[in-house]
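Peer 1: predicted model follows, preceded by the sequence.
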Amino acid sequence: MEDLRSWIKLLEDEGELARITTEVDWNLEIGAILRKVMDKGGPALLFENIKDYKDTISTKMFANGLTRKTFPLALGKPKDTKRDELSNIFRDALHNHVMYKVVDSGPVKENKITGSDIDLYQFPTPMWHSPDGGRYMMTWCAAITRDPDTGEHNVGAYRGMLTAKDQMSVLIILSQGWGVHFSKYCQRKEKMPIAVVWGYEPTLGIVAGSQIPMGMDEYKVMGALRGEPVPLIKCENSEILVPASAELVVEGYVDPDPANYAMEGVFGEYTGYYGGARRPRHTLQVECITHRNDPIFRGSMEGSGPGHPNENVWIYAITSKVNFMEALERAGVPGIIDVRPGPVCYVKIRQAYNGHAKQVANALWGSWSAEWMYKVLVVVDHDIDIYDHRQIDWALCYRMEPGTHDIITMPHTRGGGLDMAEYDDTLFGTGSRGRILLDATRDIKKAKRDKYGNLDWGPFSYDLDEPEKELIERRWDEYGIKLPERKKR
């Protein structure tokens, strides 16, 4: 795939696209439609008739492009590809980069807008949720900055709210990729150049929304996911490179001067709450816009919660498992069998020594990806299925002793700042969160007991010995017992 348009065509060919030709309102109606479609596992949506956007530069908006069924298509795989295979593709891309190529021309340069002609309201940004502080143009996009020391790009998905025709207020968390770059520009007493990209083939959204290791150029990971170099073109006003066939690029700078702050927040976030209190924040001042003819805007409903997914859920499901495993491998923790990321994170280990589960927690809590993950961590033994909550609950109840060392808490660690349970990010520069380990592994310090055949935990009371199993299997038809089929959960 070369661009968003080829991705839309592929989705339509696969029966995974709905075109909405009846008029819809950018003010809350689009958000409400998306919420229902995402809750029901519906298709990608192309809105082609948006109120107040009949004679504007952009008249269409695309959303819900990544779902459980379409994520494999984004990586060139069949829709029924297993999740672990997709994670392995992402893992390979992190270690086997494909260098991008710089080109001299591309569709994104078909039109150029500068000066007083700049008007961000020419693009159909919805009002996503009624409590939002404003219209969030930066949702499913890629904000691109360059490290002033190394020249490496950071490609990230961050939020930005319209405040004027040529301005957005943005939430910069200093520990994120663009936040690290911004700190360096502040030390130099310089404004930070930035380009924001909307509308490209889906690997851009995947790398922007993933936790790529700090200092690793996401464009090179994109190339590996695509299986070919990403064609990039130089911005008009900076050395930043952007995808040559993107739909829309907004160029400008972020000014560190508080005199230029504008109000930002709140916004319906991935936590299920409205994260980031409304307050004055940095602004992105627009200097130039380039776009394709008849550009298609790209947006996303970010608010999510249990049973209410957003597009980022699918990125997290595929890519975070890789970060999870690699954090443990880099720390040299042995015996890791499987991991399951989520709001509660699960680790399955073959326990080798006292304190093994604590080593797992320390490795994860000290990793670069801990800002957004591993707040609640459950570690279980090798015989527990971490995808079966009945087994997890059993281990928590009968292998964990809450009154001893099996529950470990760590207060005031680094957090992302969008978790409503965290301490106020204004006090610490970023979020400050506590963490908890629930060690549901067997306590290997327990003395072996003669009454259990010198086993430390004894046999399972529900398990039959092999002779009894063989006996009843051989004679089952004689018993005349009809068993119901157990329904799968």
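Peer 2: The structure has been received and is ready for your questions.

Peer 1: please make it C-alpha for all contacts and neighbour counts, starting now.
Peer 2: Fine.

Peer 1: tell me how many other residues crowd Gly307.
Peer 2: If you count neighbours by other C-alpha atoms under 10 Å, Gly307 ends up with 9.

Peer 1: check Val102 too.
Peer 2: 16.

Peer 1: which other helices and strands contact whatever helix or strand Tyr219 lives in?
Peer 2: Per DSSP states H and E, Tyr219 falls inside helix 218-226. Judged by 3 or more C-alpha pairs under 8 Å, 6 or more residues apart in numbering; DSSP states H and E, helix 218-226 is in contact with helix 83-95, strand 153-156, helix 203-208.

Peer 1: make CSV out of those and add distance to Leu66, mean neighbour count and mean pLDDT.
Peer 2: Below are the helices and strands packed on helix 218-226 laid out as CSV (distance: least, C-alpha to C-alpha, whole Å; neighbours: other C-alpha atoms under 10 Å; pLDDT from 0 to 100):
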stretch, distance to Leu66, mean neighbour count, mean pLDDT
helix 83-95, 14, 17, 94
strand 153-156, 17, 26, 95
helix 203-208, 9, 26, 95
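
Peer 1: who wins for proximity to Phe62 among those?
Peer 2: Of all the helices and strands packed on helix 218-226, it is helix 203-208 that lies closest to Phe62, at 13.1 Å by C-alpha to C-alpha.

Peer 1: what's the spacing between the closest one and its chain's center?
Peer 2: Distance of helix 203-208 from the chain centroid (C-alpha atoms, centre = their mean, to the nearest Å) equals 10 Å.

Peer 1: can you tell me what sits against it?
Peer 2: 74-75, 140-142, 155-157, 218, 221-222, 225-226, 315 (C-alpha atoms under 8 Å, 6 or more residues apart in numbering).

Peer 1: tell me which of those residues is nearest to Trp7?
Peer 2: Ala74 (8.0 Å).

Peer 1: before we move on, back to that, what's the first helix or strand after the helix holding Tyr219?
Peer 2: Counting by DSSP H and E, what follows helix 218-226 is strand 231-234.

Peer 1: start to end distance for stretch 189-207?
Peer 2: Taking C-alpha to C-alpha, to the nearest Å, the first and last residues of stretch 189-207 lie 30 Å apart.

Peer 1: list the buried residues for that stretch?
Peer 2: Going by neighbour count (16 or more other C-alpha atoms under 10 Å), the buried part of stretch 189-207 is 190, 192-207.

Peer 1: touching, Arg399 and Arg442? I think so.
Peer 2: Yes - counting by C-alpha atoms under 8 Å, Arg399 touches Arg442, with 5.5 Å between them.

Peer 1: can you read off the pLDDT for the residue nearest to Trp368 when sequence neighbours are not counted?
Peer 2: Nearest residue to Trp368, sequence neighbours excluded (C-alpha to C-alpha, 6 or more residues apart in numbering): Pro213, at 7.4 Å. For Pro213, the pLDDT comes out at 86.

Peer 1: how much space between Pro213 and Ile336?
Peer 2: With C-alpha to C-alpha as the criterion, Pro213 and Ile336 are 21 Å apart.

Peer 1: CA atoms of the longest helix along the chain as CSV?
Peer 2: In the chain, assigned by DSSP state H, the helix with the most residues is helix 311-330. Listed next in CSV are the C-alpha coordinates belonging to helix 311-330 (Å, rounded to 0.1, in the frame of the first residue of the first chain):
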residue,chain,number,x,y,z
GLU,A,311,-8.5,1.8,17.5
ASN,A,312,-5.5,2.0,19.8
VAL,A,313,-6.7,-1.1,21.6
TRP,A,314,-5.7,-3.2,18.7
ILE,A,315,-2.3,-1.6,18.4
TYR,A,316,-1.8,-2.1,22.1
ALA,A,317,-2.9,-5.8,21.9
ILE,A,318,-0.3,-6.6,19.2
THR,A,319,2.7,-4.4,20.1
SER,A,320,2.7,-4.2,23.9
LYS,A,321,3.3,-7.9,24.2
VAL,A,322,6.6,-7.4,22.4
ASN,A,323,7.6,-4.5,24.7
PHE,A,324,6.5,-6.7,27.7
MET,A,325,8.7,-9.7,26.7
GLU,A,326,11.7,-7.6,25.6
ALA,A,327,11.7,-5.6,28.9
LEU,A,328,12.1,-8.9,30.8
GLU,A,329,14.7,-10.3,28.3
ARG,A,330,16.8,-7.2,28.5
